[in-house]
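A.B. asks: Return a 3D structure for these sequence lines:
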Amino acid sequence: MRVLLVDDEADLASALAERLDMRGIAAEWVTDGMEALQRAASNDFDVAVLDLKMPRIGGLELKARLQSLHPDMKFIFLTGYGSETDFKEVACHEGEACYLVKPVDIQILIDLIRRVTHSGGEA
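C.D. replies: Sure, this is the predicted structure:
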């Protein structure tokens, strides 16, 4: 399984990628949407973990562009705004995005990645 992390907070993106790698999930990180598109053009990723609010290309626009390159890619959004209860109405089913509020608990992220890719854990 391969994960692309996109967050303009480089420290967060690199830390999450490192922790995912330590747990057997191959992760690459970039700090903006243009870098993400370049990376995705030459690599296959199963999941993209996207910050919602980024300069140049926000998470929602980036999702649409990445989906045109990789229609089967799954998406998880990170946000520093709001709370988990703000997003509890957002479904996390096949074909729909999932949301996590920062700071991110790595185990919850791993469980969510596995859930959206149906590779271990409950679907």
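A.B. asks: mind listing what residue 37 touches?
C.D. replies: 57, 62, 65-66, 69 (Cβ atoms under 8 Å, 6 or more residues apart in numbering). No exception for glycine: its C-beta is placed from N, CA and C like everyone else's.
A.B. asks: Closest one to residue 26 out of those, please.
C.D. replies: Nearest to residue 26 among the contacts of residue 37: residue 66, at 17.1 Å, using Cβ to Cβ.
A.B. asks: Report the contact partners of the closest one.
C.D. replies: Contacts of residue 66 (Cβ under 8 Å, 6+ apart): 36-37, 40, 48, 73, 75.
A.B. asks: if we go to 10 Å?
C.D. replies: Going by Cβ atoms under 10 Å, 6 or more residues apart in numbering, residue 66 touches 4, 6, 33, 36-37, 39-41, 45, 48, 50, 73, 75.
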